[in-house]
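Asker: this one's sequence-less:
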């Protein structure tokens, strides 16, 4: 009988010690869908359309070597629009540390976009900086800077969502 009571108390203690309240769970919000269009709204990631990019590659500027590829898959919406889905892969470095409870990280990448014009392949190298907000409550994309221009921002209290970034070229 003593062993049974001891066993029940041990299981109860283990169960209670492993539970966490909702306040201790950090929200992760870092998925980005990156669309590239021209000023007329043409999807420049659809390689079958004239003037669009035929391919791309991404390199992590903070990588451990000069060539540090980042895998960003090309996806398509139900409306047949192409986008790059970035979840993670580039190294994040501390941009600032306001306090131990509030930090900003950044990732820096070079996007090499290839297209063919008059039977000649042209490569355009663009830069993208992604800034992340970190607190004990949230880790989220806070800002995207593309070729020196802010293309996306998100407030600290904004709910989780797919972060949509549209680049006009």
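Answerer: Structure's in. What do you need? Since the structure is predicted, the reported quantities are computational estimates derived from the model, not experimental observations.
Asker: just for the chain, where's the confidence low?
Answerer: 1-23 (pLDDT under 70).
Asker: Go again with 50.
Answerer: Along the chain, segments meeting pLDDT under 50 span 2-21.
Asker: Strands along that one, start to end?
Answerer: 27-29, 32-37, 55-60, 74-76, 82-86, 93-99, 102-117, 120-134, 138-146, 149-153, 163-168 (DSSP state E).
Asker: These: which one's closest to residue 48?
Answerer: Across the strands of the chain, residue 48 has its closest neighbour in strand 82-86 (9.9 Å, CB to CB). (Glycine included, C-beta is placed from N, CA and C.)
Asker: what angle separates that closest one from strand 102-117?
Answerer: Calculated by axes from the mean of the first three to the mean of the last three CA atoms, to 10 degrees, strand 82-86 forms an angle of 150 degrees with strand 102-117.
Asker: burial measure for residue 167, as a count.
Answerer: Look at residue 167: counted by other CB atoms under 10 Å, it has 21 neighbours.
Asker: End to end on stretch 45-61, go ahead and measure it.
Answerer: Distance between the boundary residues of stretch 45-61 (CA to CA, to the nearest Å) amounts to 23 Å.
Asker: How about stretch 159-169?
Answerer: Start-to-end, stretch 159-169 (CA to CA) is 29 Å.
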